[in-house]
Structures are given as structure tokens and as C-alpha cells.
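J.: Fold the stuff below for me.
(one chain, ligands or ions: 1)
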Amino acid sequence: MQKPNNRLAGQTAIVTGANSGIGEAIAIALGRDGANVVVNYISHPEVAEEIAQKISHNDISGNAIAIKCDVSKEDDVINMFKQTVDHFGTVDICVPNAGLQKDSAMHEMSLADWQLVLDVNLTGQFLCAREAIREFLKRGMRPTISKSLGKIIHTSSVHQIIPWAGHANYAATKGAIVMLMESICQEYAPLKVRCNSIAPGAIKTPINKSAWDTPEALQELNKLIPYKRIGIPEDIGSAAAWLASDESEYVNGTTIFVDGGMTCYPGFTTNG
Ligand code: BGC
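T.: Next up, the predicted model:
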């Protein structure tokens with residue numbers, strides 16, 4: 001874990017799906033660098049509460065609260081933003097991260113599983129980004145706090161470019177996030193909003209447990225990773241903290257792949 005610094009002091013971040021895996025690491029990293037953090041969750045409130053306490057009780061961190069919200073529900077998202085503004089005053093950083101997989105062969109995929117993945121992974125990111133932009137516009141610039149009006153950091157995936165058999169719904173949402181993020185950048189960059197994505201590769205979290213929980217599975221997985229180690233959630237947390245800070249001020253409308261080289265086609269290390 002990086003040394004803490006104060007680069008996000010005075011700012012407030014909402015991180016969705018922050019009570020496990022990548023979201024948790026992002027919430028902790030933003031808190032570590034001084035931001036107030038909303039730890040969003042949909043289930044296991046006690047875990048979200050524990051993470052919020054951990055962030056709040058660290059001397060150098062900002063404060064954190066846990067807020068329940070189903071990101072696929074418009075009223076829930078509007079209410080989460082309202083609670084955040086009531087508590088912390090505004091929102092400076094929005095990390096729409098909540099996501100899930102409902103995997104199956106395409107010919108066996110139910111409409112319900114297709115729809116659920118779209119609702120959470122894509123509509124959820126749309127609703128959070130929209131509410132964030134509304135709050136940024138309402139609040140206006142605070143030049144002593146940040147050079148940008150606000151920052152949105154979408155959580156995407158290497159599967160925004162790598163097709164994924166057996167996961168058509170999931171890959172479709174990640175492909176769509178690219179155009180959502182880039183369109184937001186094009187529309188709001190003139191107003192000093194920064195909108196970027198982080199595309200994680202294989203990160204050791206509950207979502208992909210079967211890919212790393214036996215030595216055989218891990219060996220197979222490493223064949224897909226030129227750097228030869230599975231990612232850890234903190235790898236993504238560090239990237240998010242940098243992207244949220246003024247150190248990355250000129251980075252806008254881009255996807256940062258944090259994947260150990262997974263998108264560099266390791267299958268082609270020999271002849272094509
Ligand atoms: C998926 C993981 C997978 C990784 C690399 C992520 O977006 O959620 O299950 O291990 O991509 O394939």
C-alpha cells in the first residue's frame with residue numbers, strides 16, 4: 001500500500017459496491033489520501049460499516065459513512081446523492097464500480113440474467129455519473145480544492161476489448177462503458193469535468209474465485225498475464241487515487257488498463 005498523502009483533502013467521494021473487492025480497495029485508497037468517502041453497499045451492511053469505520057478512524061483519512069443503495073434503481077441513486085450532500089456538503093469524485101457477473105453460454109442465457117447484468121453494470125454507472133454531473137454543475141468550481149469541477153472514474157474491465165465466451169452480457173456492458181465514459185468526457189470536459197475508466201484485469205476478489213483458488217487454476221490464469229501474478233485490489237485503489245487527484249489533471253476520456261499486460265495478447269508470444 002502506498003504512503004498516505006493529502007492530495008484529496010476536502011473532497012468527497014462516492015464509491016459504489018465498496019463493501020468488497022475492488023470497490024473496498026478504492027474506498028480505502030481515496031480515504032487514505034484525505035477524501036471523505038461514501039461506502040455504498042447493497043447487502044452485508046456490517047461489512048460496509050466496518051470499512052467506513054476503518055477509513056474514519058485513521059488519523060490521516062477523511063471521514064466515511066456507509067449508504068445502502070441499489071445502483072440500478074433511479075430513486076435509490078438520487079437518494080444516495082442527497083444523503084451524501086446532506087452529510088458532506090457535495091460530491092467531488094464519483095466511482096461507479098458496482099458490478100456483477102451472471103455467466104452462461106449465450107444460447108442458454110435467460111433474459112433475466114441479461115437484464116440484471118445490464119441494469120447493475122451499465123444503467124447503474126449511467127445513473128451515478130448523471131447524478132454526479134448534476135451535483136458538479138450545481139456546486140460550481142472550488143479552485144482551492146481541485147483544478148477540476150469533478151471527477152468520474154468508471155470501473156470497466158479488460159473485457160471492454162477482450163471478447164469473453166460464456167459472459168456475453170458482462171462483456172457487452174463493459175464495451176458500452178467505453179462509449180458512455182468517452183461521450184461524457186466530450187460533453188463535459190469543456191466545463192472541467194474529468195471522466196475516465198479503469199479497466200482491471202484478473203484481480204483477486206470473490207467475483208473470480210474459481211480462477212485463483214487452486215494452484216492449477218492460478219497456473220492457467222497466469223498464462224493470460226504477461227506479468228505472471230494475479231492483481232490485488234490495492235493495484236486498482238492506487239490507480240483510482242491518482243486518477244481522482246490533480247496529479248492526473250490532463251487525463252480525460254481515457255481508459256487505464258491495470259492488468260499486468262493481459263490486454264497484450266500473451267497467446268502470441270510464439271508464432272501467430
Ligand atoms: C472479471 C473477472 C476476470 C477478469 C479477467 C474481470 O472483469 O470480473 O472475473 O477474472 O475480468 O478475465
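
J.: From now on I want contacts and neighbour counts done on CA atoms only, so please keep to that.
T.: Will do.

J.: Looking at S61 now. What's its pLDDT?
T.: At S61, the model reports a pLDDT of 69.

J.: near the ligand, which residues of the stretch 151-272 of the chain?
T.: For the stretch 151-272 of the chain, the contact set with the ligand under Cα under 6 Å from any ligand atom comprises S157, V158, H159, G201, A202, I207, N208.

J.: show me the contacts for the last one.
T.: For N208, the contacting residues are A202, by Cα atoms under 8 Å, 6 or more residues apart in numbering.

J.: Please produce a ChimeraX select command covering the buried subset of the residues of the stretch 151-272 of the chain next to the ligand.
T.: Here is the ChimeraX command that selects the buried residues among these (16 or more other Cα atoms under 10 Å):
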select :157,158,159,201,202
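
J.: JSON lines for the residues of the stretch 151-272 of the chain next to the ligand, including pLDDT and secondary structure?
T.: Listed next are those as JSON lines, based on pLDDT from 0 to 100; DSSP: H, G, I helix; E, B strand; the rest coil:
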{"residue": "S157", "pLDDT": "98", "secondary structure": "coil"}
{"residue": "V158", "pLDDT": "98", "secondary structure": "helix"}
{"residue": "H159", "pLDDT": "98", "secondary structure": "helix"}
{"residue": "G201", "pLDDT": "98", "secondary structure": "coil"}
{"residue": "A202", "pLDDT": "98", "secondary structure": "coil"}
{"residue": "I207", "pLDDT": "93", "secondary structure": "helix"}
{"residue": "N208", "pLDDT": "95", "secondary structure": "helix"}
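
J.: Give the residue spans of the protein that score low on pLDDT.
T.: 1-4, 59-61 (pLDDT under 70).

J.: rerun that using 90 as the cut-off
T.: 1-5, 57-62, 270-272 (pLDDT under 90).

J.: helices or strands up against the longest strand along it?
T.: The single longest strand within the chain, with elements called by DSSP state E, is strand 193-200. When contacts are defined as 3 or more Cα pairs under 8 Å, 6 or more residues apart in numbering; DSSP states H and E, strand 193-200 packs onto strand 150-155, helix 168-188, helix 233-244, strand 255-258.

J.: Redo the ones you listed as a markdown table? Include mean neighbour count.
T.: Shown next, in a markdown table, are these (neighbours: other Cα atoms under 10 Å):
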| stretch | mean neighbour count |
| --- | --- |
| strand 150-155 | 28 |
| helix 168-188 | 20 |
| helix 233-244 | 22 |
| strand 255-258 | 20 |
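
J.: would you turn these into CSV with distance to T270?
T.: Below are the helices and strands packed on strand 193-200 laid out as CSV (distance: least, Cα to Cα, whole Å):
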stretch, distance to T270
strand 150-155, 32
helix 168-188, 27
helix 233-244, 29
strand 255-258, 23
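
J.: Verify the contact between G23 and V15 for me.
T.: Yes - with contact defined as Cα atoms under 8 Å, G23 counts as touching V15 (6.5 Å).

J.: who touches C69 in this structure?
T.: C69 touches N40, Y41, I42, D76, V77, M80, counting by Cα under 8 Å, 6+ apart.

J.: again, only this time at 6 Å
T.: Neighbouring residues of C69 by Cα atoms under 6 Å, 6 or more residues apart in numbering: I42, D76.

J.: ok so, going back, need the CA coordinates for the longest strand of the chain. PDB is fine.
T.: C-alpha atoms of strand 193-200 as PDB (Å, rounded to 0.1, in the frame of the first residue of the first chain):
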ATOM      1  CA  VAL A 193     -15.300  17.600 -15.600                       C
ATOM      2  CA  ARG A 194     -12.900  14.700 -15.900                       C
ATOM      3  CA  CYS A 195     -14.300  11.300 -16.800                       C
ATOM      4  CA  ASN A 196     -12.100   8.200 -17.100                       C
ATOM      5  CA  SER A 197     -12.200   4.500 -16.700                       C
ATOM      6  CA  ILE A 198     -10.000   1.900 -15.000                       C
ATOM      7  CA  ALA A 199     -10.100  -1.500 -16.700                       C
ATOM      8  CA  PRO A 200      -8.900  -4.100 -14.300                       C
END
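
J.: Other residues contacting that strand?
T.: Applying Cα under 6 Å, 6+ apart, the set of residues contacting strand 193-200 is 148-158, 185, 252-259.

J.: rerun at 8 Å
T.: Outside strand 193-200, the residues that reach it (Cα under 8 Å, 6+ apart) are 133, 148-158, 160, 178, 181-182, 184-185, 188-189, 236, 239-240, 243, 249, 251-259.
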